[in-house]
Structures are given as structure tokens and as C-alpha cells.
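Novice: Predicted model and sequence below, questions to follow.
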Amino acid sequence: MSSTLDFDLAETLSTIESASPLVNCVTNAVTVNCVTNAVTVNDVANATLYWGGLPVMSDDEREVGDMVAGAQACLLNMGTVSEEGEAAMVAAGESAGENGVPLVVDPVGVGATPTRDRVADRLVTDLSVDVLNGNYGEISAIAGEDADVRGVESVGEYADIAVTAMACARRTGAVVVASGETDVVATEDEAFEVHAGHEMMGRFVGTGCMLGVTLATFAGAADDVARAALAGTLAYGLAGEVAADGQFGDYAGPASYRVAFLDAIAGLDGVDLPDADSRIERVVEA
């Protein structure tokens with residue numbers, strides 16, 4: 001089955017630039033326990049800015065509700081798990097629901113430990129989640145199916161990920177983005193494959209987290225969350241492709257590719273993207 005979507009990606013990018021949505025990101029950085037999380041927080045903030053949004057990294061329970069109330073989108077990222085971070089995420093998510101702010105949840109590492117399973121279950125059960133972003137293993141775990149998650153990485157085979165993503169959408173009420181070799185965007189009624197991206201995107205830490213904030217930024221400037229999720233996933237993959245093509249400079253390996261990738265996010269609105277929406281294919285329909 002083919003897609004019948006008619007959105008214009010270039011127009012969507014322009015809308016984000018004009019709207020400059022304020023995105024509050026709660027990434028649990030208050031209890032950073034490894035260098036990776038500090039680097040990811042910085043990349044998440046920059047990705048927001050480069051898409052045209054305005055990042056704020058408030059994660060203090062005392063103020064996060066007020067900050068989210070004035071934002072256009074909110075991202076909750078389970079990069080590290082702590083009691084303080086969990087409380088801040090819940091407070092932020094509750095404020096998002098009360099104020100009609102699109103909420104994106106990235107359940108990093110769910111399926112790896114009982115603690116992460118409990119926190120993720122609390123977020124998707126107690127909060128009104130608009131977009132749920134995770135790798136194949138994380139989405140499978142939340143859907144209640146077998147998942148192989150090692151640390152925060154998805155391993156194993158997931159041949160029915162589109163069907164699983166739809167089941168996850170039915171369970172959570174969210175639009176589900178399952179990232180992997182081929183990204184899948186699903187609602188309760190249909191699932192799409194997004195054919196965009198490059199293998200170099202998996203060679204450095206932080207790409208999953210930056211996809212999450214991309215989805216939040218796009219949702220913060222759009223009226224339709226499902227279309228925002230499709231457009232954000234597509235734009236993110238295309239940025240990876242044009243970076244790999246050398247349109248934003250040569251690269252010698254993962255570190256220099258990361259720089260080109262971030263530049264591609266910032267400059268994607270100036271790249272010719274003919275028929276970009278043809279990269280989206282409807283693969284399951286209820």
C-alpha cells in the first residue's frame with residue numbers, strides 16, 4: 001500500500017522556522033552519571049535550535065511545570081533514571097497535559113532493567129503522551145512483547161515491528177515512532193515505513209535522543225501530531241543522507257560525520273528535496 005500523504009516538507013521546515021517553538025527537554029541531566037548523557041543533552045539542545053526551535057533544559061521539579069506551561073512542546077527522555085529525574089518528568093508531563101502542550105516520551109532502555117520498566121510504564125500510563133519514540137526493542141517492550149534490549153541498545157530481530165508499533169499505539173494512545181534500519185511511524189489504525197537515513201547515523205551516541213527532540217520540535221509547530229511525527233522522522237533521515245553525501249562537508253569517521261549531520265539539520269531547509277514525501281509508505285492499515 002502506498003502513502004497518500006500530501007504534506008510539503010519544505011513548507012513544514014519553513015513553518016518551524018517561523019513559529020520558533022519553545023521545547024522543554026527533561027533528560028535527567030540533573031544526575032548525569034557518565035559523559036555520554038552530558039554530550040546527549042548538548043546535542044538535544046542544539047538539534048532543537050538547528051531545526052528552528054528554542055530549547056530549554058529545565059529539569060528541576062520546582063520550576064519544570066511552569067516552564068512547560070509556557071512551552072510549545074515537551075520531551076521526556078529516560079536517558080538516566082533517578083528518583084529526582086522521575087519526579088521531574090512526571091511533573092513536566094502533568095503540566096503538558098494540563099496546558100495542551102504536545103508531549104513526547106523517549107523511554108530509553110526500557111526492557112533492560114525492572115526500574116526502567118517501572119518508570120516507563122508510569123509515564124505512558126499516568127501521562128497523556130502524544131508521541132512515543134523508541135528503538136525497535138523499546139517499542140516492543142512497551143507493547144508487552146518480547147524485546148532484547150542490552151543497555152540502551154536494541155538487538156535481535158523484529159520482523160513484525162509495524163504491527164507491534166500499532167499495538168503500542170493502541171496501548172498508549174500515542175503516535176509511535178519505532179526507529180531502526182527502517183523507521184516506522186504508527187497510529188492505532190495504520191503504520192508507515194519511512195525510507196530515509198544512513199548507516200552512519202548509528203555510529204555515534206545521541207541520534208535516538210536527537211530524533212526525540214526533532215519530533216517534539218515538529219509537534220510544537222504543527223496542528224496534526226501524526227503528520228508532525230511523519231515529517232520529523234523523514235526530515236531527520238534526510239539530514240542523515242545529505243550529511244553522508246558530503247553536502248555539508250567531508251567526513252573521515254563518526255566524529256566528523258556527527259558535525260556534518262548537525263550542520264545538515266541546520267541547513268536542510270536550503271536543500272532541494274523533490275518528492276520527499278514519496279519516501280513514506282503505508283504498510284499496514286486496520
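Specialist: The structure has been received and is ready for your questions.
Novice: If you drop the residues flanking it in sequence, what lies closest to the spatially most central residue of the chain?
Specialist: A centroid search over the chain (C-alpha atoms, centre = their mean) returns residue 212, at 1.9 Å, as the residue closest to the centre. Among residues not flanking residue 212 along the chain, residue 106 sits closest, at 3.9 Å (C-beta to C-beta, 6 or more residues apart in numbering). C-beta here means a position set from N, CA and C on the backbone, and glycine is covered the same way.
Novice: in the sheet, who's paired with the one you found?
Specialist: Bridge pairing for residue 106 (DSSP bridges) gives the partners residue 77.
Novice: Tell me how far it lies from residue 181.
Specialist: Per C-beta to C-beta, to the nearest Å, residue 106 is found 19 Å from residue 181.
Novice: Same drill for those two, tell me which one is more crowded.
Specialist: A direct count of neighbours by other C-beta atoms under 10 Å for residue 106 and residue 181 places residue 106 higher, at 31 against 10.
Novice: what's near enough to touch that one?
Specialist: Residue 106 makes contacts with 75-79, 133-134, 208-209, 212, as judged by C-beta atoms under 8 Å, 6 or more residues apart in numbering.
Novice: doesn't residue 134 fall inside a strand?
Specialist: Yes. Secondary structure of residue 134 (DSSP: H, G, I helix; E, B strand; the rest coil): part of a strand.
Novice: Backbone dihedrals for the residue lying closest to it once chain neighbours are set aside, please?
Specialist: What sits nearest to residue 134 in space, not counting adjacent residues and going by C-beta to C-beta, 6+ apart, is residue 107, at 5.4 Å. With angles defined as degrees, to the nearest 10, residue 107 sits at phi -80, psi 70.
Novice: Residue 107: neighbouring residues, count only.
Specialist: Residue 107 has 26 neighbours, counted by other C-beta under 10 Å.
Novice: For residue 113, see how far away it is.
Specialist: Distance, residue 107 to residue 113, by C-beta to C-beta: 12 Å.
Novice: Quickly check the contacts of residue 106 for the two that are furthest apart.
Specialist: With C-beta to C-beta as the measure, no two of these lie farther apart than 76 and 208, at 13.7 Å.
Novice: which one of the two has more residues nearby?
Specialist: A side-by-side neighbour count of residue 76 and residue 208, using other C-beta under 10 Å, places residue 76 first with 29 against 22.
Novice: Tell me who's in contact with the more buried one.
Specialist: Residue 76 makes contact with 26, 89, 92-93, 103-106, 123, according to C-beta under 8 Å, 6+ apart.
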